[in-house]
Structure formats: C-alpha cells, structure tokens
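Enquirer: Model the following, please.
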Amino acid sequence: MSNASLLAVANLTHRVIETIHKDFINSTISPTTVFRDNVTMTQALQPETTTAINYTLEIALAERRATLHGDTSFVVISAALVFFMTPGLGYFYSGMARSKNALSLIFICFLSMAVVLIQWTLFGFTLAFSDNGGPFIGDFTYGGGTNVDHHHMVPAVSSVAFFIYQGMFATITPALMFGSSAERIRILPALLFMLIWTTIVYDPIAYWTWAQNGWLNKLGSLDYAGGTPVHIASGFAGLAKALALGKRKGFAAHGKEWKPHNLSNVFLGTAMLWFGWFGFNGGSALAGTSRAAMAASVTSIAASTGGLTWILFDYRHGRKLSALGFCSGAVAALVAITPGSGFVAPWAAIIIGFLAGLICNLGCHLKHILGYDDALDVFGTHGLGGFLGNILTGIFAQQWIARLDDSTIDGGWLDGNWIQVPKQLCGSVCGALWSFTITFLLVFIMDKIPFIHLRLKEEDQELGVDLAEMGEVAYTMTDVVKGAARRLSSVFTGPSEFESRAKKQYFPSGRHPSYPNMNSNFNNLKGIRGNQHKISEAEEEVDEESVKNEDINENGDHRKSVSAKDDKKDSSSEYSLDAY
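Expert: Residues are numbered from 1 along each chain as shown. From the prediction side, this is the model:
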C-alpha cells in the first residue's frame with residue numbers, strides 16, 4: 001500500500017472514531033456513509049482495504065453500542081437510587097418531628113415527587129436543560145417531553161435516561177425545603193407552592209449551573225452534583241419560609257426544642273439517604289467510569305467523617321454520644337461533599353466531612369441566637385453545608401480527578417487556580433440570594449390570599465398536621481397516653497373542651513371512615529390538653545413532708561429526693577400534647 005493509501009486509511013479511521021464518540025446517539029453512522037462523505041480519502045484505497053476497514057469499523061460501532069447501553073443502564077439505576085432518597089428524607093424528617101406531625105412529613109415528600117415530576121415533564125426539563133436558551137433560562141424545545149431523544153447535551157448516554165435522572169434531583173429539592181416549616185404548613189396550598197417554586201427558583205438555578213449556555217457554567221463555576229441548585233436553593237428557601245411563616249405555636253414559650261419522637265425513623269432515613277447518595281453523586285458521572293467510583297467513594301468517606309465529628313463535638317457538653325448527632329453530621333457532610341464529589345481526592349473528603357460536621361453543628365444553633373424557627377435545621381444543614389461545600393470545591397478540586405473520565409477542568413487552589421474560589425463564591429451567593437428572595441416573596445403573597453395561605457391555624461397546630469390536614473395518624477396514641485396517665489394519675493377526669501371541639505370539627509360522624517378505632521383513641525386523650533390546670537390542684541395536695549423527705553445512702557451521706565412538685569411540673573411539660 002502506498003503512503004497516500006496509508007494516510008487515507010489513518011484519516012478515515014480517525015474521522016469515523018471521532019464521529020462515533022461525538023454524535024453516535026443521534027446519527028445514522030455507518031462505514032458506508034463515512035466513505036461516501038470522504039470520497040477523496042477512499043479513492044486511494046484498494047477494494048480489499050476498504051472491505052477490511054468496513055469490517056473493523058462495524059466492530060467499533062458494535063462496541064460503542066454496548067458501551068452506550070451499559071452507561072444508560074448505569075444512569076437509570078442511579079435515578080432509582082436518587083428516587084429512594086425521597087422516602088428516606090420523609091422518614092428522616094418524620095422521626096425528628098413530633099409524632100402528631102410524623103405522617104404528614106412523609107406524605108409531603110411523596111407529593112413533591114408527584115407534583116414536580118409532572119412539572120418536569122411538561123416544561124421543567126426544557127427550562128433547566130435546553131441547549132438553545134439564553135444565559136438565564138432555557139426555551140421550550142423539549143416541552144412535554146418532545147424531542148428529548150434528540151437532546152445533544154449528553155452524547156454518552158440516552159437522553160431519556162438523563163431526563164429521568166435529573167428529574168429525581170428536581171423532585172427531592174422542594175421536599176428538602178419543607179423541613180424548615182414543618183408542623184405548621186397546610187398541605188393543599190403547599191402543592192401549589194411546590195409547582196411555582198420549582199418553576200421560578202429551581203429550574204433557573206439548575207440552568208445557570210449545568211446547561212451549556214448557563215452563565216455560571218460558562219463562568220467556570222464547578223458544581224458536580226447540585227451544591228447550588230439543590231442544597232443552597234433548598235436551604236436558603238427554608239430560611240425564607242421559616243421567617244415568613246413565623247414560629248410554631250408554643251415554640252417560644254416552650255423554652256427549648258421539642259425532642260425527636262422516633263430516632264429509629266431518623267436512622268432509617270439516614271441510611272436511605274446515604275444509600276441513595278451513591279447515585280446522587282456517583283451517577284452524576286453519567287457513565288460507569290473510574291470518576292463515578294471516585295465520586296461514590298469520597299461521598300461515603302465524607303459522611304463517615306461528618307457523623308463522627310458532630311457527635312465528638314457535642315460530647316463535650318453532656319458526656320453522651322448522640323444518635324441524632326451522628327445522623328445530622330453524616331447528612332451535613334453528604335451535603336458538603338456534593339458539589340466537589342467529582343473533583344476532589346479521598347483525603348480531601350475527610351477534611352470536607354470534618355469541616356461540615358463542625359460548621360453545620362454550629363450553624364444549627366443560629367436559630368436560637370437569631371430567634372427564627374427552622375424546625376428541622378434545613379438552613380443549618382443544607383444552606384450552610386451547600387455553601388461550605390461550594391467554597392471547599394474551589395480549594396480542593398484537582399485536574400487529575402476530572403481526567404479519570406477524560407474530562408478537563410482548571411482545578412482549584414491545589415492546582416494553582418486562585419480564581420476558582422471567587423467563581424464558587426459568586427455562584428453560591430447568587431443562588432442563595434435568588435432562592436431566598438423569591439421564596440420569601442412567594443410565601444408572603446400566598447399567605448395574604450384566602451384559601452391558599454400556607455400557615456396552619458394555631459388550634460390545628462395543637463391538634464397536629466396529621467389529623468388537621470389528613471385526618472390520619474402515623475401511630476395510635478394509646479400507649480403514650482397510658483404512660484402519661486401513670487405519671488399524672490388522678491389528674492384525668494373527662495374529655496377536654498379542646499378534644500371535644502377537635503373531634504366534632506374533624507370527625508362530625510364520630511368516627512373516622514378509615515380508622516374506626518379513632519373514636520376510642522380520642523377518648524383516651526382525656527386531659528392532655530385543657531385539663532392541665534388540674535395539675536396545679538394536684539400539686540397543692542402534695543404532702544410537704546414527702547417533698548422534703550431525706551434519704552440516707554449506703555455511705556451515710558444525706559441527699560434530698562427530687563421534689564414531687566418538680567416531678568409533676570416536668571411531667572406536665574413532657575407529656576403535654578405539644579410534646580407529641
């Protein structure tokens with residue numbers, strides 16, 4: 001073969017391989033079409049040479065198809081993992097709340113899935129990922145799911161897989177935000193709020209960050225898996241909702257936070273979130289590459305470090321290791337590692353997890369200092385955690401991590417790219433300001449409109465969102481009431497005015513249609529609310545001698561027993577309806 005033939009073979013092979021990797025999904029590539037389009041190259045080839053190249057290229061195409069199918073399967077499985085995070089979030093929030101609001105928090109996470117996925121199909125995806133939009137928002141090229149199979153942004157996988165994968169990100173973000181307004185939100189208006197918020201807050205920020213024409217993407221801001229669109233957006237929106245809606249009834253007078261009612265649910269939710277985060281961060285590689293494995297690895301490393309940091313930091317107070325603290329620290333670190341999960345090395349993940357556990361721990365105490373009621377610490381965990389993660393990404397991002405799947409970045413401070421942190425700061429501040437401002441205005445406007453106001457009435461807050469909004473409960477209260485009765489023995493005399501009114505208002509027929517035993521459950525709630533004044537009468541009857549009774553321990557030292565009066569006061573606070 002002459003030199004001209006060899007050169008033609010080399011050029012033709014390079015052209016076909018480049019075409020296969022660039023436009024395989026949306027074209028009808030075959031060796032024949034490439035030969036036809038490169039006549040000047042093929043003129044120098046002998047027939048037997050053309051046949052050999054044709055066979056070789058057919059093999060290359062078959063291998064590429066197999067790779068495409070494998071990567072598409074990887075993305076679909078990752079989408080299923082991210083879906084699993086939404087019920088996990090419901091259990092996490094449910095366990096942290098009081099029992100009378102537990103079911104509604106799981107419910108609202110599923111409602112977020114349903115409402116946002118329909119929005120995503122109709123116009124959310126095209127607003128967030130259109131490749132023909134301007135710098136701030138996409139157009140309607142892919143509205144209603146049309147032309148999704150021709151989406152060119154991710155040539156490595158099926159665009160339909162990319163559509164559903166990113167849809168799972170969109171569905172969990174509004175659910176995250178509702179943790180700040182837990183126990184005082186009306187469910188039906190919340191559905192409208194989700195729809196509007198996702199359209200005018202999440203979709204624009206996602207477009208800025210990930211779309212090829214988005215201004216943050218063109219600026220060079222790094223966000224691998226959603227530090228700004230998911231966590232900063234939901235965290236600062238949660239802060240805005242907490243401020244706009246005000247505090248829960250009884251929160252200020254209570255003097256301390258209500259304790260989580262079910263730490264088992266908190267652990268279950270944490271496990272589901274942690275498991276799903278492998279798809280959240282690892283799946284963002286959009287292919288089963290070494291970079292995906294690295295993203296999954298640093299995710300778990302950071303979570304482990306964050307959980308340990310939180311509980312050890314809190315240990316200095318009460319010399320106790322907190323289960324809730326471990327779960328909170330792990331989730332905070334998962335948030336912080338998200339934007340840098342595809343850019344940082346494992347050793348950097350330990351630092352990020354440590355700083356997240358420390359700073360988010362301190363950040364969750366801001367609500368006590370500043371006086372706002374962020375019920376489940378959405379701002380302290382997601383707002384501050386996402387912001388911290390974005391900045392640390394600008395410091396620890398490295399070029400060699402991106403090269404694991406042949407991508408290229410300028411890196412962060414470790415690679416001498418000093419401008420990266422200001423770019424990260426710009427994206428974080430803009431995302432936070434946009435989310436906070438729009439959310440506050442939206443809540444303020446909706447709360448002024450009859451029938452769609454978001455805040456639950458105070459008497460309904462006392463009853464609990466589960467019964468007030470759903471007429472259903474996560475658990476029956478029989479065992480709890482029996483325990484309270486043992487502590488307050490002789491206090492319970494008859495159904496309170498509160499219970500009679502609540503029963504008449506929410507169950508006019510006397511029985512819940514799905515829960516025939518609900519009638520007896522209400523009767524078992526005697527005295528919890530409305531009869532607490534009886535406590536003071538019982539206190540007056542306490543024998544003063546028993547209050548001051550002194551015991552002698554085995555060493556002969558005197559000590560005073562806890563006064564019965566104080567014990568009754570503690571009981572009245574611990575077992576009041578507010579506490580459940």
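Enquirer: Wait, residue 93 touches residue 112, no?
Expert: No: using CB atoms under 8 Å, residue 93 is not in contact with residue 112; the gap is 11.6 Å. Where you see a C-beta, it was placed from the backbone N, CA and C, and this is true even at glycine.
Enquirer: what's the overlap in contacts for the two?
Expert: residue 178 (CB atoms under 8 Å, 6 or more residues apart in numbering).
Enquirer: and the host helix or strand of residue 114, what does it pack onto?
Expert: Per DSSP states H and E, residue 114 falls inside helix 102-119. If you count contacts as 3 or more CB pairs under 8 Å, 6 or more residues apart in numbering; DSSP states H and E, helix 102-119 packs onto helix 47-96, helix 159-177, helix 187-197.
Enquirer: From these, pick the one with the highest average neighbour count.
Expert: Most buried of these by mean neighbour count (mean count of other CB atoms under 10 Å) is helix 159-177; its value is a mean of 24.
Enquirer: how about the helix holding residue 114: buried residues?
Expert: 102-109, 111-113, 115-117, 119 (16 or more other CB atoms under 10 Å).
Enquirer: can you name the two of those residues that are farthest apart?
Expert: Across those, the longest distance by CB to CB is 26.8 Å; it joins 102 and 119.
Enquirer: Now stretch 111-130 - C-alpha only, PDB.
Expert: C-alpha atoms of stretch 111-130 as PDB (Å, rounded to 0.1, in the frame of the first residue of the first chain):
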ATOM      1  CA  LEU A 111     -46.400  14.700  47.000                       C
ATOM      2  CA  SER A 112     -43.200  16.600  46.000                       C
ATOM      3  CA  MET A 113     -42.300  13.600  43.800                       C
ATOM      4  CA  ALA A 114     -45.700  13.500  42.100                       C
ATOM      5  CA  VAL A 115     -46.100  17.300  41.500                       C
ATOM      6  CA  VAL A 116     -42.600  18.100  40.400                       C
ATOM      7  CA  LEU A 117     -42.200  15.100  38.100                       C
ATOM      8  CA  ILE A 118     -45.300  16.200  36.200                       C
ATOM      9  CA  GLN A 119     -44.000  19.800  36.100                       C
ATOM     10  CA  TRP A 120     -40.600  18.400  35.000                       C
ATOM     11  CA  THR A 121     -42.200  16.600  32.100                       C
ATOM     12  CA  LEU A 122     -44.400  19.500  30.900                       C
ATOM     13  CA  PHE A 123     -41.800  22.300  31.000                       C
ATOM     14  CA  GLY A 124     -39.300  21.900  33.900                       C
ATOM     15  CA  PHE A 125     -36.700  19.900  32.000                       C
ATOM     16  CA  THR A 126     -36.700  22.200  29.000                       C
ATOM     17  CA  LEU A 127     -36.300  25.300  31.200                       C
ATOM     18  CA  ALA A 128     -33.400  23.700  33.100                       C
ATOM     19  CA  PHE A 129     -31.500  21.900  30.300                       C
ATOM     20  CA  SER A 130     -32.400  23.400  27.000                       C
END
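Enquirer: now what about it, what contacts it?
Expert: 83, 86, 133, 137-145, 148, 151, 153, 162-163, 166-167, 170-175, 178, 187, 190-191, 194-195, 198-199, 202-204, 206-207, 210-211.
Enquirer: how about a cut-off of 7 Å?
Expert: Stretch 111-130 is contacted from outside by 86, 137-145, 153, 163, 166-167, 170-171, 174-175, 191, 194-195, 198-199, 203, 206-207, 210-211, using CB atoms under 7 Å, 6 or more residues apart in numbering.
Enquirer: Quick check: closest non-adjacent residue to residue 387.
Expert: Spatial nearest neighbour of residue 387, chain neighbours left out: residue 428 (5.1 Å); criterion: CB to CB, 6 or more residues apart in numbering.
Enquirer: The helix or strand hosting the one you found - contacts with which helices or strands?
Expert: Counting by DSSP H and E, the element that carries residue 428 is helix 420-447. Applying 3 or more CB pairs under 7 Å, 6 or more residues apart in numbering; DSSP states H and E, we find helix 420-447 packed against helix 187-197, helix 203-210, helix 215-219, helix 233-245, helix 384-396.
Enquirer: In a markdown table, list those along with distance to residue 402.
Expert: Formatted as a markdown table, these follow (distance: least, CB to CB, whole Å):
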| stretch | distance to residue 402 |
| --- | --- |
| helix 187-197 | 33 |
| helix 203-210 | 16 |
| helix 215-219 | 15 |
| helix 233-245 | 25 |
| helix 384-396 | 12 |
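Enquirer: What's the separation between the closest residue to residue 280 other than its chain neighbours and residue 310?
Expert: Excluding its sequence neighbours, the residue lying closest to residue 280 (CB to CB, 6+ apart) is residue 82, at 5.2 Å. Distance of residue 82 to residue 310, computed by CB to CB, to the nearest Å: 24 Å.
Enquirer: same thing with residue 261?
Expert: Plainly put, residue 261 is 21 Å away from residue 310 if you go by CB to CB.
Enquirer: low-scoring pLDDT stretches of the stretch 51-200 of the chain, where are they?
Expert: Applying pLDDT under 70 to the stretch 51-200 of the chain flags the ranges 51-68, 150-156.
Enquirer: again, only using 80
Expert: Residue ranges of the stretch 51-200 of the chain with pLDDT under 80: 51-69, 149-157.
Enquirer: domain parsing for the chain?
Expert: 3-64, 65-447, 478-546+566-580 (automatic domain parsing).
Enquirer: got a list of what the residue lying closest to residue 85 once chain neighbours are set aside touches?
Expert: Spatially, and ignoring its direct neighbours in sequence, residue 85 is nearest to residue 276 (3.4 Å; CB to CB, 6+ apart). Applying CB under 7 Å, 6+ apart to residue 276 gives the contacts 81, 82, 84, 85, 88.
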